[in-house]
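Participant: sequence-free structure coming up:
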């Protein structure tokens, strides 16, 4: 099905050709009426098969005047059709039709997104974020001011805007009102700050993660609305030192969080307890009763709304609406735990 914007564009480009061809069919029909004294239908039929050079046999034998008029109808009709076809072919060759078709498809894809993530900036850090979100099969779209990585994203079916992420219209088009989170991963702290300001002004409750190059700018990004700020340089240094001093711990956490290649039989997830959830106002120990055929997932930590983490919670710890559970377990157990929390 041709997208509506593409159909509208084609109509705007070809409407005069359409008007001319219809007008010429009317003129040709009147010509046969006057010259050959045929009926309206016979005259119209003869004009159409002549203009479009179909080559059917004449409706009636033609007089000399009729044959002369047929030559005129053919010549003018072919010129009009050829002009329209060449006009359309020039637009197709210029890439205009393909560009419009891609934009229409992008708009449709973006409008379908719900509870997704928005990645702003596709430099080295931003591209790694894209690869990780894709591995985890998350729903997301990207905004990058240049056209880098466009071919890969299009091949993967990931909606991608070539636009300025600080532009509120670009953020709205990315469905920021329906998004679950946004990451500002541009190479510039100034750009990331503007992205955070724009996103926070549009959706006050949005979860925003920002990249920072200069650690001195971290407080500024937090003040303007970022929930989390990360310096790739600082974090890389911390991780490398931990690989030296705690290699087994780092390997274990990487196994849980950064799964590559084949899917692992277990993982770690976070789930929020809703007011309507089965686990609301129940204890941690009661989670096991919901898994009679297995041990069930292990709750590593609880983060009550607005409070610090409760690490290694006791079985008597009461769960409340708004609490976030961090649990490790098999995929089917984690999925069942998420259902119990909803």
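Facilitator: Here it is on my side, so go on. Source: prediction; values computed, not measured.
Participant: Which pLDDT does the model give the closest residue to residue 153 other than its chain neighbours?
Facilitator: Once flanking residues are discounted, residue 153 sits nearest to residue 160: 4.2 Å by Cβ to Cβ, 6 or more residues apart in numbering. C-betas here are computed from N, CA, C, even on glycine. pLDDT for residue 160: 94.
Participant: Verify the contact between residue 160 and residue 144 for me.
Facilitator: Yes: with contacts counted by Cβ atoms under 8 Å, residue 160 reaches residue 144, the gap being 7.1 Å.
Participant: can you pull the contacts of the residue sitting nearest the centre point of the chain?
Facilitator: In the chain, the residue lying closest to the centroid (Cα atoms, centre = their mean) is residue 159, at 2.9 Å. Contact analysis of residue 159 by Cβ atoms under 8 Å, 6 or more residues apart in numbering lists 106, 109-110, 113, 141-142, 153, 174.
Participant: Keep only those of those residues that are in strands.
Facilitator: 141-142 (DSSP state E).
Participant: Kindly reformat the contacts of residue 159 as a markdown table containing pLDDT, neighbour count and distance to residue 328.
Facilitator: Shown next, in a markdown table, are those (pLDDT from 0 to 100; neighbours: other Cβ atoms under 10 Å; distance: Cβ to Cβ, whole Å):
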| residue | pLDDT | neighbour count | distance to residue 328 |
| --- | --- | --- | --- |
| 106 | 82 | 17 | 38 |
| 109 | 89 | 15 | 34 |
| 110 | 92 | 18 | 34 |
| 113 | 94 | 18 | 29 |
| 141 | 96 | 21 | 30 |
| 142 | 97 | 27 | 30 |
| 153 | 93 | 18 | 32 |
| 174 | 95 | 28 | 33 |
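Participant: which intervals of the stretch 101-250 of the chain have sub-threshold pLDDT?
Facilitator: 101 (pLDDT under 70).
Participant: Which parts of it are strands?
Facilitator: Here the stretch 101-250 of the chain has its strands, by DSSP state E, counting those that start in this stretch, at 117-120, 140-144, 160-162, 181-184, 207-211, 228-230.
Participant: Am I right that residue 211 is in contact with residue 232?
Facilitator: Yes: contact criterion Cβ under 8 Å: residue 211 and residue 232 qualify, at 6.5 Å.
Participant: of those two, who's got more company?
Facilitator: Looking at residue 211 and residue 232 with other Cβ atoms under 10 Å, you find the greater number of neighbours at residue 211, namely 26 against 14.
Participant: now, which of the contacts of residue 159 lie within helices?
Facilitator: 106, 109-110, 153 (DSSP state H).
Participant: mind putting the residues you listed in CSV, distance to residue 293 included?
Facilitator: Listed next are those as CSV, based on distance: Cβ to Cβ, whole Å:
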residue, distance to residue 293
106, 46
109, 40
110, 42
153, 42
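Participant: Closest one of the residues you listed to residue 180?
Facilitator: Minimum distance to residue 180 across the ones in helices among the contacts of residue 159 is 14.7 Å, recorded for residue 110 (Cβ to Cβ).
Participant: What residues does the closest one make contact with?
Facilitator: 141, 159, 161, 173-175.
Participant: List the residues that contact residue 222.
Facilitator: Here residue 222 is in contact with residue 229 (criterion: Cβ under 8 Å, 6+ apart).
Participant: What is the burial count for the spatially closest residue to residue 228 that is not a sequence neighbour?
Facilitator: Among residues not flanking residue 228 along the chain, residue 209 sits closest, at 4.7 Å (Cβ to Cβ, 6+ apart). If you count neighbours by other Cβ under 10 Å, residue 209 ends up with 18.
Participant: thought residue 209 was touching residue 180?
Facilitator: No: contact between residue 209 and residue 180 fails when scored by Cβ under 8 Å: they sit 11.6 Å apart.
Participant: the helices in the stretch 1-150 of the chain, which residues?
Facilitator: 4-36, 40-51, 64-94, 96-112, 124-135, 150-156 (DSSP state H, counting those that start in this stretch).
Participant: and residue 309, which of these is closest to it?
Facilitator: Here helix 124-135 is closest among the helices of the stretch 1-150 of the chain (Cβ to Cβ), at 23.3 Å.
Participant: Identify the residue nearest residue 162 in space, chain neighbours excluded?
Facilitator: residue 147 (5.3 Å).
Participant: How much space separates that neighbour from residue 154?
Facilitator: 11 Å (Cβ to Cβ, to the nearest Å).
Participant: One more: residue 335?
Facilitator: Taken as Cβ to Cβ, the span from residue 335 to residue 154 is 31 Å.
Participant: Quickly list the domain ranges of this structure.
Facilitator: 4-98, 114-230, 265-341 (automatic domain parsing).
Participant: Compare the ones you listed and report which one is nearest to residue 248.
Facilitator: Of all these, it is domain 265-341 that lies closest to residue 248, at 16.3 Å by Cβ to Cβ.
Participant: Centre of the chain to the closest one, how far?
Facilitator: 32 Å (Cα atoms, centre = their mean, to the nearest Å).
Participant: Going forward, the N-terminal residue is numbered 27.
Facilitator: Right, with 27 as the first residue, what we last looked at is domain 291-367.
Participant: pLDDT (mean, whole number) over it?
Facilitator: Computed over domain 291-367, the average pLDDT equals 88.
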